[in-house]
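[1] The following comprises the amino acid sequence and a computationally predicted model.
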Amino acid sequence: VNHDEDLMPHWDVLFQSFEHINPWGEGVGLHLHSIELNEESMRIICHVLRHKNFCQVSFDTVGFANLRGAISELGNALKSQGLKYLKWSAIPIESVEDMTL
């Protein structure tokens, strides 16, 4: 799919499913692979990671419309005490400014 708006119904269903995560269990894993995320989707995902019961997240070969914004949002998500595992794989960070975030 070439347009973010075409994916929105699918993202909406995923985000709605987050409301049913058991807040007392061991936590849920979220694995995103070979997808491009726009700023709004990344913002929502990171907000949910911080405020719901996620124990691990994996970004594998994920493209970001705004890498600097994605790194910043992920930094906020990592403040979650429940998140124990982060995988950031095959996502180049080429800008020195982005590396310092």
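    Looks like it came in fine. Residues are numbered from 1 along each chain as shown.
[2] Next up, identify which helix or strand the nearest residue to Val62 once chain neighbours are set aside is on.
    Counting by Cβ to Cβ, 6 or more residues apart in numbering, Val62 lies nearest to Leu32, which is 5.4 Å off, once chain neighbours are set aside. No exception for glycine: its C-beta is placed from N, CA and C like everyone else's. Element membership of Leu32, judged by DSSP states H and E, is strand 28-33.
[3] Same question for Ser72.
    Using DSSP H and E, Ser72 maps to helix 67-77.
[4] what helices or strands is the next helix or strand after that helix leaning on?
    Scanning forward in sequence from helix 67-77 by DSSP H and E, the next helix or strand is strand 85-89. For strand 85-89, the helices and strands in contact under the criterion 3 or more Cβ pairs under 8 Å, 6 or more residues apart in numbering; DSSP states H and E are strand 54-60.
[5] I figured Val28 was touching Val48, is that so?
    No: Val28 is not in contact with Val48 according to Cβ atoms under 8 Å; the separation is 10.1 Å.
[6] neighbour count winner among those two?
    Between Val28 and Val48, Val48 has the larger neighbour count (other Cβ atoms under 10 Å), namely 20 against 17.
[7] Centroid-nearest residue for this structure?
    The centroid of the chain falls nearest to Ile45 when counting by Cα atoms, centre = their mean (4.5 Å).
[8] if I pick that one, what's in contact with it?
    30, 32, 37, 73, 77 (Cβ atoms under 8 Å, 6 or more residues apart in numbering).
[9] For the third one, give its distance to Pro23.
    Same thing as Leu37. 25 Å (Cβ to Cβ, to the nearest Å).
[10] follow-up on the earlier one: just after the strand holding Leu32, pick out the following helix or strand.
    Trace forward from strand 28-33 with DSSP H and E and the next one is strand 36-37.
[11] Partner strands of that next one, with direction?
    Strand 36-37 has its sheet partners listed here by DSSP bridges as strand 63-64 (parallel).
[12] avg pLDDT for the partner strand?
    Taken as a whole, strand 63-64 has a mean pLDDT of 87.
[13] tell me how far that strand is from the chain's mean position?
    With Cα atoms, centre = their mean, to the nearest Å as the basis, strand 63-64 stands 11 Å off its chain's centre.
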